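Colleague: Predicted coordinates and the sequence they were generated for:
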Number of protein chains: 2
Amino acid sequence: MKKTYSAKANEIMDVAEAHMRKGGFDAVSFRDLASAVGVKSASVHYHFPQKPDLGQAIVSRYRSRIAETLGDAADSRASIAKLKLLFSVYSTALNSGDSVCLCCMLGAESRYLPTDVAAEVSLFFGDMTDWTRGALQADLPKARAAALAAHIISALQGAMVLSVALDDNSHLTNTQKMLLRFVKSELES
Amino acid sequence: MKKTYSAKANEIMDVAEAHMRKGGFDAVSFRDLASAVGVKSASVHYHFPQKPDLGQAIVSRYRSRIAETLGDAADSRASIAKLKLLFSVYSTALNSGDSVCLCCMLGAESRYLPTDVAAEVSLFFGDMTDWTRGALQADLPKARAAALAAHIISALQGAMVLSVALDDNSHLTNTQKMLLRFVKSELES
DNA sequence: TTTTATCTATCTACTGATAGGTAGTTTTTC
DNA sequence: GAAAAACTACCTATCAGTAGATAGATAAAA
């Protein structure tokens, strides 16, 4: 199901993704993208006929990339180790772009996005909570794991917002510490 | 320091705030605002000369409104009661607008906003973490209260994003339950 | 010969912003 | 108290800039 794109299309998506993370869906324009990758705006339309096509493609690619990094949530690694891997994905995202994660940005704008794009964003959050639930499931009752997983993803997303808004990435680190503390106490009980 | 605005200016701010919560700063246009309140776009410029003026005014008004609802964090109410009041502010915001809180939206866009607006958003998060820290300070060491407060605000913000993106407000409720559980265990230890 | 990837040129719609005008109200001055 | 000045809250008209999108041409590659 994973679509492939030409090198130029990927280059366009790279620029668009970085820009979208800072200012949202409307913040990227075909003209800006074009000049950033050295073509004309009509050529961007060749690769992505409409803007929602571009948006959906970016989010979809983003999902695959993270899924690949996280791997299988049901494998033999310890729950805490998996959690730390999840944390590192968020830390990397924040540090490597000086902006919130793509889907945090687009998620906030959900009510305003083309439906195809919003749907893909919704799938992303499904991916993340599912994976986290899977990572905790070995050590917790199913319902507890699900509730805890949703909470973890929420907290991480929010911590990115504060980190960016206050220009202080320690908010993400702080929330990761708190979550780890909480999860450990939950695993013990 | 609290600026006052005419009835019409407030009406403009109401519409702008609601719209900005859904699509961010760029999603509101002077023309749309004007037609929504029954004037011409030039008249909106009369009340708010430049768009950043409007943005800052909205966030500033938002801050005052919430500060008034929360009251004094250092008064005699119990910590847990104060926390529940904080939660209700977030629940109300989510339910009364079907969108994330204004500063969650603008906070994510921080890197893209006019500096005056971004600064005001940053003050909002300062308000919130300060108040929460104040609410917890009677029962916790200072540093612990500060870290916990920042975590609570982060988690609540993120839960709003998931609630909107997944069109399921139980994410906010769930995170509030988890936070309450965590805070109670911290107070006991 | 068809496909791929680009171009030029253009369209309509909308953006924030400004200049300058007009009633109606308030405040100041004589 | 009346006239003059100033202020408030709007208006019309317009500007330059940018948005997404399309039609049709071109050149190279498969």
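Modeller: Okay, I see it.
Colleague: Just the endpoints, please. Distance across stretch A:63-79?
Modeller: 22 Å (Cα to Cα, to the nearest Å).
Colleague: Counting neighbours, what do you get for whichever residue of chain A sits closest to DNA strand D?
Modeller: Closest residue of chain A to DNA strand D, Cβ to the nearest atom of the strand: residue A:29 (3.0 Å). Yep, even glycine has a C-beta here, placed from its N, CA and C like the rest. Residue A:29 sits with 14 neighbouring residues when counted by other Cβ atoms under 10 Å in any protein chain shown.
Colleague: shaky segments in chain A?
Modeller: For chain A, applying pLDDT under 70 flags the ranges A:1.
Colleague: Would you mind listing the residues in contact with residue A:184?
Modeller: residue A:80 (Cβ atoms under 8 Å, 6 or more residues apart in numbering or on different chains).
Colleague: From the chain's centroid, how far away is the longest helix along chain A?
Modeller: Secondary structure assigned by DSSP state H gives helix A:142-165 as the longest helix of chain A. Remark: helix A:142-165 is offset 12 Å from the chain centroid, using Cα atoms, centre = their mean, to the nearest Å.
Colleague: and chain A, which of its residues are near DNA strand D?
Modeller: For chain A, the residues in contact with DNA strand D (Cβ under 7 Å from any atom of the strand) are A:26, A:28-32, A:41-42, A:45, A:49-52.
Colleague: mind redoing it with 6 Å?
Modeller: A:29-32, A:41-42, A:45, A:49-51 (Cβ under 6 Å from any atom of the strand).
Colleague: Give me the subset of those that lies in helices.
Modeller: A:30-32, A:41-42, A:45, A:51.
Colleague: Can you tell me which of those are buried?
Modeller: Neighbour-count burial (16 or more other Cβ atoms under 10 Å in any protein chain shown) applied to those gives A:30, A:51.
Colleague: returning to what we had before: for the residues of chain A next to DNA strand D, which two are the farthest from each other?
Modeller: The largest separation in those, counting by Cβ to Cβ, is between A:32 and A:49 at 18.0 Å.
Colleague: what's the spacing between stretch A:132-145 and its chain's center?
Modeller: Centre to centre, stretch against its chain (Cα atoms, centre = their mean), the figure for stretch A:132-145 is 21 Å.
Colleague: Pull out the buried residues from that stretch.
Modeller: A:132-137, A:140, A:145.
Colleague: got it, and stretch A:47-57?
Modeller: Here stretch A:47-57 shows A:47-48, A:51-52, A:54-57 as buried, counting by 16+ other Cβ under 10 Å.
Colleague: would you turn the residues you listed into JSON lines with distance to chain B?
Modeller: JSON lines is the format used below for these (distance: Cβ to the nearest Cβ, whole Å):
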{"residue": "A:47", "distance to chain B": "24"}
{"residue": "A:48", "distance to chain B": "20"}
{"residue": "A:51", "distance to chain B": "14"}
{"residue": "A:52", "distance to chain B": "15"}
{"residue": "A:54", "distance to chain B": "17"}
{"residue": "A:55", "distance to chain B": "14"}
{"residue": "A:56", "distance to chain B": "15"}
{"residue": "A:57", "distance to chain B": "18"}
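Colleague: what's downstream of the longest helix of chain A, the next helix or strand?
Modeller: Using DSSP states H and E, the helix or strand that follows helix A:142-165 in sequence is helix A:170-188.
Colleague: tell me the angle of that next one relative to helix B:170-188?
Modeller: 80 degrees (axes from the mean of the first three to the mean of the last three Cα atoms, to 10 degrees).
Colleague: and chain A, which residues reach DNA strand C?
Modeller: Residues of chain A found near DNA strand C (Cβ under 6 Å from any atom of the strand) are A:6, A:8, A:39-40, A:42-43, A:46.
Colleague: Go again with 7 Å.
Modeller: Within chain A, the positions lying close to DNA strand C (Cβ under 7 Å from any atom of the strand) are A:6, A:8, A:34, A:38-43, A:46-47.
Colleague: sorry, back to before: so what's the backbone phi/psi at the residue of chain A closest to DNA strand D?
Modeller: Dihedral pair for residue A:29: phi -120, psi 150, per degrees, to the nearest 10.
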